[in-house]
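# The amino acid sequence is not available; the structure is as follows:
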């Protein structure tokens, strides 16, 4: 009960609302509320307060989250490592949306026919790493710069190129660009390069697909990775390369817990992705 309440509080701290926390935990909103109430009773402390449609953690709750979150994630990861992966065990794959659409969709259809016990879900890179650390995902497939974690292996597959997508012809780098969220730790390196070039990030999106569509609608040029260009089948007349883009490549990684790789099914999936992705970048 105590660990269940701690897990619920940690998710609530990230999601901000009871309903979102319930969705993340696959329980009802009332079940989230009950778990938090039980935890408050157990600890003898008020942990949450209403803040409009959201909730706000009390000072006591913030201290609790800061002190237990690292150990809680480590414990969950260690428990995950004790699980034996059998022929019918579920292998979970956490992926960047752009990467699963641009690169993995071509191989997964055939692969899942031979191993149907695979589940895929999409997240942003920092959350993918968290999912692998905690055991929520067996394998992570993500893009951008990663911080080092001694508990997981990060395997760099390639450096993905960027293109500027524009509805109209560009003869020189634009003064402003639509970008993805530069506050995302996987993308922060882009901000310095754009600043050096005197390019203003006009709007920061959560989706490269949205940015590309806005660019094609002539809102403004957009900085787009090749996986999205491939997925949306954006024609060469809308794709422009300038020398500074060579600095903006984003590394593509697989990440997984070292012990997970010892399972033959996990090893086979990892090696299949590692072999396929570099060749997928070359296909039209």
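Sure thing, it's come through. Just so we're clear, the structure is a prediction, and the values are computed from it rather than from any experiment.

# okay, CA-based contacts and neighbour counts for the rest of this
Fine.

# So what's the residue count around residue 210?
14 (other CA atoms under 10 Å).

# in which helix or strand would I find it?
helix 208-216 (DSSP states H and E).

# same thing with residue 38?
Going by DSSP H and E, residue 38 is in helix 29-43.

# So for that helix, what gets flagged as buried?
29, 31-33, 35-40 (16 or more other CA atoms under 10 Å).

# What mean pLDDT does it get?
Helix 29-43 carries an average pLDDT of 90.

# and the next helix or strand after it, what does it pack onto?
Counting by DSSP H and E, the element after helix 29-43 in chain order, helix or strand, is strand 48-51. Secondary-structure packing of strand 48-51 (3 or more CA pairs under 8 Å, 6 or more residues apart in numbering; DSSP states H and E): strand 54-57.

# 10 Å - rerun?
For strand 48-51, the packing partners by 3 or more CA pairs under 10 Å, 6 or more residues apart in numbering; DSSP states H and E come out as helix 2-15, helix 29-43, strand 54-57, helix 59-81.

# CSV for those, including distance to residue 204?
Output for these, formatted as CSV (distance: least, CA to CA, whole Å):
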stretch, distance to residue 204
helix 2-15, 21
helix 29-43, 31
strand 54-57, 24
helix 59-81, 29
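
# ok, back up a step: state the mean pLDDT of the helix holding residue 210.
Mean predicted lDDT for helix 208-216 stands at 94.

# State the phi and psi torsions of residue 204.
Main-chain torsions, residue 204, degrees, to the nearest 10: phi -110, psi 120.

# what about the closest residue to residue 89 other than its chain neighbours, neighbour count?
Nearest non-adjacent residue to residue 89, counting by CA to CA, 6 or more residues apart in numbering: residue 117, 6.5 Å away. By the measure other CA under 10 Å, the count of residues near residue 117 is 13.

# I figured residue 117 was touching residue 108, is that so?
No: between residue 117 and residue 108 there is no contact under CA atoms under 10 Å: 12.0 Å.

# Now list whatever residues contact both of those two.
Shared contacts of residue 117 and residue 108 (CA atoms under 10 Å, 6 or more residues apart in numbering): none.

# Save the buried residues of helix 29-43 as CSV, and put in distance to residue 165 too.
Listed next are those as CSV, based on distance: CA to CA, whole Å:
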residue, distance to residue 165
29, 42
31, 46
32, 44
33, 46
35, 48
36, 47
37, 50
38, 52
39, 50
40, 51
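
# how about the most centrally placed residue in the chain, what does it touch?
Centroid-nearest residue in the chain, with CA atoms, centre = their mean: residue 124, separated by 2.1 Å. Applying CA under 10 Å, 6+ apart to residue 124 gives the contacts 94-98, 142-144, 184, 186, 206-207.

# Next, it: phi, psi?
Main-chain dihedrals, residue 124, degrees, to the nearest 10: phi -80, psi 160.

# Sketch out the helices for this structure, chain order is fine.
2-15, 18-25, 29-43, 59-81, 97-99, 105-114, 125-134, 188-196, 208-216, 226-232, 264-280 (DSSP state H).

# Am I right that residue 157 is in contact with residue 275?
Yes: under the criterion of CA under 10 Å, residue 157 makes contact with residue 275 at 8.7 Å.

# Of all the helices and strands packed on strand 48-51, which one is nearest residue 170?
helix 2-15 (40.7 Å; CA to CA).

# ok, back up a step: any buried residues in the helix holding residue 210, and which?
By neighbour count on 16+ other CA under 10 Å, the buried set for helix 208-216 is 208-209, 211-216.
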